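> the sequence and its predicted three-dimensional model are supplied below.
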2 protein chains.
Amino acid sequence: MKTIRSQLLLAAALVGALAFAATVARAADPLPSWNDGKARQAITSFVEKVTKAGSPDFVPVAERIATFDNDGTLWAEQPMYFQVVFIFDRIKQLAPQHAEWTTKEPFASVLKGDVKAALAGGEHAIMEMAMATHAGMTTEEFEQIVTDWIATARHPVSKRPYTEMVYQPMLELLAYLRANGFKTFIVSGGGIEFMRPWAEKVYGIPPEQVVGSSIKTTFELRDGKPVLVRLPELNFYDDKDGKPVGINQHIGRRPIAAFGNSDGDLQMLQWTAAGPGLRFCLYVHHTDAAREWAYDRESNIGKLDKGLDEAAAKGWTVVSMKDDWKQIFPSGQAPVTAIDTLLEPDATMLQHAGADNAHLLNAFQNGFASDAAHRPHITRNQRLDGTAAPRN
Amino acid sequence: MKTIRSQLLLAAALVGALAFAATVARAADPLPSWNDGKARQAITSFVEKVTKAGSPDFVPVAERIATFDNDGTLWAEQPMYFQVVFIFDRIKQLAPQHAEWTTKEPFASVLKGDVKAALAGGEHAIMEMAMATHAGMTTEEFEQIVTDWIATARHPVSKRPYTEMVYQPMLELLAYLRANGFKTFIVSGGGIEFMRPWAEKVYGIPPEQVVGSSIKTTFELRDGKPVLVRLPELNFYDDKDGKPVGINQHIGRRPIAAFGNSDGDLQMLQWTAAGPGLRFCLYVHHTDAAREWAYDRESNIGKLDKGLDEAAAKGWTVVSMKDDWKQIFPSGQAPVTAIDTLLEPDATMLQHAGADNAHLLNAFQNGFASDAAHRPHITRNQRLDGTAAPRN
């Protein structure tokens, strides 16, 4: 066999998957938890335009960046930010080593179980508690602390794990965008190292695509072993004005789509909307007191006031959870499923597949393993040109 | 047709590409500019071990993170860091608006063409000049400035564009790692926004996978249009101790392979080596005075002293440019080519491909476009499980 370079050959190599895809495309609903309304139509219309080859709105795969706020956008944020619950739990756990906390606010109120008093100091108090509970250990130790907490803590109202307090329609939206070649990022005011340990499993978003607030770390050699030690000093606050800054620092490209739920996301949406070409901005509006919570302009958590006005003025999409979402939380099992575009193959395809399978088994007699995080799936993008990662 | 969910079906869908790959694998040399020696063998042995399913050293695709220093590792850094040349060119360009520079050091020396005097103030002087030339404009304006400069500036010795002063063997190594499911990152002491405008085209590394030094930016609305303005204030210095910090901040995973050329990369290599499982650390040693430059322990630029000792002590791979590289710089044309594993197909494959092509053409009668940055290619990872982006 001699080496050749041929586009024809490349096309041939990819064509097995493509031919299959061609027949089964436009099949199952990728957004089953979304009611058929303006919001859903705006989403699918945008995606169809930017992915349609030859369209004036077409966007190359590499530039299909979508950014998502986390608290109140991908998972719930009531009755308080889940990371604040984590802080409170950490304070209770660390209290035996901090006798002074029994009399020092806001720690004393946390230990007495008085949430209102503990939070009376506002952001300053939360920051003080965050530093006291998030610093002083190595990055690996902190990762373990978060991993242990997220596996065992339960939401005070639903009694479900926090990783089940995520929005099913948004999980479907993440998968739908990825299936269309988008790279999905979290851009959250929450702690970057608080989200990374579980974001990949829950949202399909890997650590390198999580942008968040952070504290400083310092490199040290401890007995010759290098560690990163977390310092009680703010490095970056990824909220409001900080979100476009964080996006620029981490991603280095302007998103073409951004998703938020509060005034804290407004600048991210403004920054996204201001780019050239077709852009998509969406606010999740918490309107469902029965199934979730209802709050907006007057809320201390997830306040949506200026954002609501600007969305109306600029024609951004506003999702009413009550009206637009059939289901709020996942019903159980794995929340992320990319198997959303498959249909039963016809006889010709099955015949081809059978022959190809025999070919494959002959070549790889011992088989080969997928990596641990792999879920079987085909994405639209993968089927169309094979250039983007399904889990990006 | 009814919706089904079936792993068998998924396997069938992917199998067209896989069967093809099975027959053509292990073909053309992916590292043609590397002499067959210890360094090359260490690289391929590492990659084979971590990608071999069932091997005790197997690493899932998501964790195959490789980080590369830029100056002196991916492109040359003599007779001075290329970004310093950019700074000097910017000073000359901006001089008409800064009458005070004719008498103020280090600017005055730059304007007189006295490089040695201009750099006499060391890092402090460079930082001062960087702030004066890299700040005060929006991020978009700066991107354009860099794009224009890199398109027109020429290396003082070779007279070639700086983007051709990249190392051909390292371009091959980047492509080889990506073809094996690695996500490749730059982790450089250089400016993050100085590298991003051209890194994707030259190295195949997208902006979101570039980590570097940065200055602060601030979000502003100018006539209602949001902009990020670059401030003359250091945000992060991504060198030495800063490299593991930057890796943690941006990537959130520890690399399994790291590549550098100087003591400024030592902590990155230490951090990489200290992770569990098989790790790979490599130093590029500048030993080729004839084809490039020869320097190490005594050099002001890219000093490699402690790193050389530690590499010897820990058994890290040290590449001698003189002995290990057949070719230093690209001979011309596009430096990154991923078409490195294709062989002529056999009759059965051609028959399958023909049938599939007909199928495909029938389904997509108008065809479909690849995105602008797409180069036709098949990567090993793509062929094995279809989960990772070829350009990651």
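Here it is on my side, so go on. Residues are numbered from 1 along each chain as shown, chains lettered A, B, ... in the order given.
> now the strands: where do they sit in chain A?
A:65-68, A:183-191, A:210-222, A:225-236, A:257-260, A:280-287, A:294-295, A:317-320 (DSSP state E).
> so for the second one, what's the average pLDDT?
Averaging pLDDT along strand A:183-191 gives 98.
> re the thing from before, rebuild the strands of chain A as TSV, extending it with mean neighbour count.
Yep, even glycine has a C-beta here, placed from its N, CA and C like the rest. Output for the strands of chain A, formatted as TSV (neighbours: other CB atoms under 10 Å in any protein chain shown):
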stretch	mean neighbour count
strand A:65-68	26
strand A:183-191	25
strand A:210-222	19
strand A:225-236	17
strand A:257-260	29
strand A:280-287	25
strand A:294-295	18
strand A:317-320	21
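> distance to B:Phe185 for these - can I get that in TSV?
Listed next are those as TSV, based on distance: least, CB to CB, whole Å:
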stretch	distance to B:Phe185
strand A:65-68	17
strand A:183-191	15
strand A:210-222	15
strand A:225-236	17
strand A:257-260	24
strand A:280-287	28
strand A:294-295	40
strand A:317-320	34
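> wait, which of the ones you listed is closest to B:Glu48?
strand A:225-236 (27.0 Å; CB to CB).
> if we can go back for a sec, need the strands of chain A in JSON lines with distance to chain B, can you?
JSON lines is the format used below for the strands of chain A (distance: least, CB to the nearest CB, whole Å):
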{"stretch": "strand A:65-68", "distance to chain B": "8"}
{"stretch": "strand A:183-191", "distance to chain B": "7"}
{"stretch": "strand A:210-222", "distance to chain B": "4"}
{"stretch": "strand A:225-236", "distance to chain B": "5"}
{"stretch": "strand A:257-260", "distance to chain B": "12"}
{"stretch": "strand A:280-287", "distance to chain B": "12"}
{"stretch": "strand A:294-295", "distance to chain B": "26"}
{"stretch": "strand A:317-320", "distance to chain B": "19"}
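> A:Ala135: which of those strands is closest?
Closest among those, using CB to CB: strand A:225-236, at 3.9 Å.
> just the CA atoms of the closest one, as PDB, please.
Extracted in PDB, the C-alpha atoms of strand A:225-236 (Å, rounded to 0.1, in the frame of the first residue of the first chain):
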ATOM      1  CA  LYS A 225       5.600  17.500  45.500                       C
ATOM      2  CA  PRO A 226       4.100  20.400  43.700                       C
ATOM      3  CA  VAL A 227       0.700  21.600  44.900                       C
ATOM      4  CA  LEU A 228      -1.600  24.600  44.300                       C
ATOM      5  CA  VAL A 229      -2.700  26.100  47.500                       C
ATOM      6  CA  ARG A 230      -5.900  28.100  47.600                       C
ATOM      7  CA  LEU A 231      -5.600  31.600  49.100                       C
ATOM      8  CA  PRO A 232      -8.300  33.600  50.900                       C
ATOM      9  CA  GLU A 233      -8.000  36.400  48.300                       C
ATOM     10  CA  LEU A 234     -10.400  37.100  45.500                       C
ATOM     11  CA  ASN A 235      -8.900  36.500  42.000                       C
ATOM     12  CA  PHE A 236     -11.900  37.300  39.800                       C
END
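> name the residues that touch that strand?
By CB atoms under 8 Å, 6 or more residues apart in numbering or on different chains, the residues outside strand A:225-236 that reach it are A:127, A:131-132, A:134-140, A:142, A:193, A:213-221, A:242, A:245-246, A:249, B:244-245, B:248-249, B:267, B:270-271, B:274.
> contacting residues for the closest residue to A:Glu208 other than its chain neighbours?
Sequence neighbours aside, B:Ile251 is the residue nearest to A:Glu208 in space, at 4.7 Å (criterion: CB to CB, 6 or more residues apart in numbering or on different chains). Each residue near B:Ile251 by CB under 8 Å, 6+ apart is listed here: A:207-208, B:65, B:67, B:185, B:211.
> what of A:Ile205?
Here A:Ile205 is in contact with A:174, A:184-186, A:199 (CB under 8 Å, 6+ apart).
> if you set the cut-off to 7 Å instead, what comes out?
A:184-186, A:199 (CB atoms under 7 Å, 6 or more residues apart in numbering or on different chains).
> which one is it nearest to, not counting chain neighbours?
Nearest to A:Ile205 is A:Ala199, by CB to CB, 6+ apart, at 4.8 Å.
> surely the one you found is in contact with A:Ile186?
Yes: with contact defined as CB atoms under 7 Å, A:Ala199 counts as touching A:Ile186 (6.1 Å).
> and the gap between whichever residue of the stretch 51-200 of chain A sits closest to chain B and B:Arg160?
Minimum separation of the stretch 51-200 of chain A from chain B (CB to the nearest CB) falls at A:Pro60, amounting to 3.1 Å. Distance, A:Pro60 to B:Arg160, by CB to CB, to the nearest Å: 28 Å.
> can you check A:Ala311 too?
Taking CB to CB, one finds A:Ala311 at 51 Å from B:Arg160.
> ok, those two, which is more surrounded?
A:Ala311 (20 against 13; other CB atoms under 10 Å in any protein chain shown).
> tell me the pLDDT at the more buried one?
Reported pLDDT for A:Ala311: 98.
> ok, now which ones touch it?
A:Ala311 touches A:283, A:318, counting by CB under 7 Å, 6+ apart.
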